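> The amino acid sequence is not available; the structure is as follows:
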């Protein structure tokens, strides 16, 4: 069968596989020239192919628009973005994934872009990044929008207010990369439909802890959450229950105490918890006992399988912490540590961490490293006779020496022997700082 004799549905399917996302640059360096997109190339082959391409809406629904403002020149709406507008029109009722990157645009230019590209299309995924510009945000009705990403990097000025976003009744995922210090008034943030979100993700910029706690009180549907928390002095505990949350990353920074924030959360269905700090040298003022209290309130004995904790000011009681999280499969602790008598024996017997398969500890003493390596072998034997106890698959630790010290080769040799004897990946490395 000749290619041209293929049924329409088959031809459309083949074209869909051939065509991907397209980037349209505005203003065009050479107005009137054709884009090199595969969709355009296919449409120039013959009249039938052109008809098929132009009438296959799925080919036109993944677009990135890259706009660089020219000085203070205002948008000429009759010429700029016409190709992007026409392109999106061909998508028809097909769900549209639209990315807009704006560089150096004024408020009036941003408003014009919003009016042209966000007013009449069926956008379901929107990624807007504003660089050295006013914030470009959807203010018209986007009834089908399911995922929104907003980025603002080095805005032109800091006197504007956070805009009131459009009604988004279908919104489920929200990603922010915003410095709230660049806005005089952020009241409109509270008008976002937080109650319907399943994913909320912050990156790079820290938001005040009090504000985030107020937002979380509305987020009963959250499943996945990443927060950059600016800790504040004098904050009070809340009673926040997030019944559906499964994955939580807390990046904590600031001068305040993290304990009230941690103790405010009850997370009965949590699967993974990571508490960290973007700046490795910063230790959040956090008492690990606050995590144990949260674990007990939440009932981490059922689902929590992954836990990671950054450096803390106060030592981590490994025994108590692991006892509060019996379903753990992977744990990473930076320390400092407090190993109560019998901690390693409890690890060996599976009294604590019976399902643990991967352990990554921070700096330990030579004695503690020796006990940890002994635990690997004892746990291996225990797992042979008790079905509910898992053998370790990966163990990592850090010792206080350096790679040029006399202990390095000794640690390295012991780790190799342990790995070979029990089929475990064991890695011991010197402290880097």
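Cool, got the structure. If you're wondering where the values come from, they're calculated on a predicted model, not measured in any experiment.
> tell me the contacts of the closest residue to residue 37 other than its chain neighbours?
The shortest distance from residue 37 to any non-neighbouring residue, by Cβ to Cβ, 6 or more residues apart in numbering, is to residue 22 (4.2 Å). All C-beta atoms are positioned from the backbone trio N, CA, C, and that covers glycine. Residue 22 is in contact with 35, 37, 39, 62, 63, 64, 87, counting by Cβ atoms under 8 Å, 6 or more residues apart in numbering.
> buried subset of the residues you listed?
37, 39, 62, 63, 64, 87 (16 or more other Cβ atoms under 10 Å).
> Quick check: buried residues in stretch 332-351?
So for stretch 332-351, counting by 16+ other Cβ under 10 Å, buried means 332-335, 337, 339, 343-344, 346-351.
> Next: stretch 253-260.
Result for stretch 253-260 [16+ other Cβ under 10 Å]: buried residues 253, 254, 256, 257, 258, 259, 260.
> Give me the subset of those residues lying in helices.
Of the positions in the buried residues of stretch 253-260, 259, 260 sit in helices, assigned by DSSP state H.
> Just checking, which of the buried residues of stretch 253-260 comes out lowest on pLDDT?
Note: of the buried residues of stretch 253-260, the lowest pLDDT belongs to residue 254, at 79.
> That one and residue 231, how far apart?
3 Å (Cβ to Cβ, to the nearest Å).
> overlap in contacts of the two?
Contacts common to residue 254 and residue 231, judged by Cβ under 8 Å, 6+ apart, are 209, 284.
> In CSV: the buried ones among the contacts of residue 22, plus secondary structure.
Output for the buried ones among the contacts of residue 22, formatted as CSV (DSSP: H, G, I helix; E, B strand; the rest coil):
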residue, secondary structure
37, coil
39, helix
62, strand
63, strand
64, strand
87, helix
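> now, the most widely separated pair of those residues?
Farthest-apart pair in the buried ones among the contacts of residue 22 is 39 and 64; separation 13.9 Å (Cβ to Cβ).
> Was I right to think residue 225 contacts residue 199?
Yes: at 7.5 Å, residue 225 and residue 199 qualify as touching, with contact defined as Cβ atoms under 8 Å.
> More neighbours: which of those two?
residue 225 (22 against 17; other Cβ atoms under 10 Å).
> and the helix or strand hosting that one, which residues are buried?
Using DSSP states H and E, residue 225 maps to strand 224-231. Neighbour-count burial for strand 224-231 flags 224, 225, 226, 227, 228, 229, 230, 231 (criterion: 16+ other Cβ under 10 Å).
> cool, and stretch 349-368?
349-354, 356-364, 368.
> how about the contacts of residue 22 in a markdown table, adding distance to residue 275?
As requested, the contacts of residue 22 are arranged in a markdown table below (distance: Cβ to Cβ, whole Å):
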| residue | distance to residue 275 |
| --- | --- |
| 35 | 46 |
| 37 | 45 |
| 39 | 46 |
| 62 | 36 |
| 63 | 38 |
| 64 | 35 |
| 87 | 44 |
